[in-house]
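J.: no FASTA, just this:
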DNA sequence: TTTTAATATTGCAATATTACGATAAAGATG
DNA sequence: CATCTTTATCGTAATATTGCAATATTAAAA
């Protein structure tokens, strides 16, 4: 095949997988880190920052946006991208919850 | 192409991307959640738990293992899998750090 | 030793991702 | 209006992922 059997998993599981999938590429991690670093979100210079062509960056931004990890504001002919905190919080909470549950159990390995 | 240009990113960025990539599939999220749920890690019944064939589960487990998210202990002819807390902690810390940094800045969007 | 049980590996088809050149679209600027 | 700047989209080649049947491997059990 090649297509994920998303139908068989819960919405929550698919939701987390959508977020992790959006971050499953070093370029997209680099984009997120760049957006964290520059506190104002005058973007587009992401293209200058990363060693990838403009269409490639644009495509990565699209994926991050569809997944809900970033938001884009049109400002004249430029677009201002920035991180959507809610998505980061969701991931943070998800892993914190797993961590907490693991603490309570005696892992056998 | 189709291959990620990992050479151009930092080890840390590639490291996070490796972890998120390993979790970038609902089946692998479901496996992690199952391992959290059953506090003893008598595994292999993951195959019974999920709607995927045994070779498929085996392949997903392999990916999680290579990424460092789970550990496997041979116990007789069965194998006991369990979560590697360090990887979860790494992800938790990573997103907590981003969250903290975002709090200090006035996001423009 | 033969059989059974649990897991891994191989091979392959279907599909998805990654990357980028070429080009389009849309607003700013002269 | 013509042009420049910025970003998006299209088309396409290279590669990766997903899923499973068939088969191999390994160790326990009979």
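T.: Looks like it arrived, so ask away. Because the structure is predicted, anything quoted here is derived from the model rather than measured.
J.: if you average the pLDDT over stretch A:52-64, what comes out?
T.: The average pLDDT within stretch A:52-64 is 97.
J.: how about that stretch and chain B, touching?
T.: Yes. Stretch A:52-64 lies within reach of chain B by CB under 8 Å from any CB of the partner chain, at residue A:52. For glycine as for every other residue, the C-beta is placed from the backbone atoms N, C-alpha and C.
J.: neighbouring strands - and their directions - for the lowest-mean-pLDDT helix or strand in chain A?
T.: Across the helices and strands of chain A, mean pLDDT, DSSP states H and E gives its lowest value to strand A:70-75, namely a mean of 88. For strand A:70-75, the paired strands and their directions (DSSP bridges) are strand A:78-83 (antiparallel).
J.: what comes up buried for stretch A:72-79?
T.: Neighbour counts using 16 or more other CB atoms under 10 Å in any protein chain shown place residue A:72 of stretch A:72-79 among the buried residues.
J.: now the terminal residues of it, how far apart.
T.: Taking CA to CA, to the nearest Å, stretch A:72-79 runs 6 Å from one end to the other.
J.: and the contacts of that stretch?
T.: A:42, A:43, A:44, A:61, A:65, A:80, A:81, A:82, B:108, B:109 (CB atoms under 8 Å, 6 or more residues apart in numbering or on different chains).
J.: roughly how far does residue A:47 sit from DNA strand C?
T.: Residue A:47 sits 10 Å away from DNA strand C, going by CB to the nearest atom of the strand, to the nearest Å.
J.: pretty sure that residue sits against residue A:57.
T.: Yes. Assessed by CB atoms under 8 Å, residue A:47 is found in contact with residue A:57 at 5.0 Å.
J.: the more surrounded of those two?
T.: A direct count of neighbours by other CB atoms under 10 Å in any protein chain shown for residue A:47 and residue A:57 places residue A:57 higher, at 20 against 15.
J.: mind pulling up the phi and psi values for that one?
T.: Phi and psi for residue A:57, reported as degrees, to the nearest 10, are phi -60, psi -50.
J.: please enumerate the helices of chain A.
T.: For chain A, the helices defined by DSSP state H occupy A:11-22, A:26-37, A:46-49, A:54-66, A:85-103.
J.: by contact count, what packs against the shortest one?
T.: Put plainly, it is helix A:46-49. Secondary-structure packing of helix A:46-49 (3 or more CB pairs under 8 Å, 6 or more residues apart in numbering or on different chains; DSSP states H and E): helix A:26-37, helix A:54-66.
J.: out of those helices, which gets nearest to DNA strand C?
T.: Nearest to DNA strand C among those is helix A:54-66; the distance by CB to the nearest atom of the strand comes to 3.4 Å.
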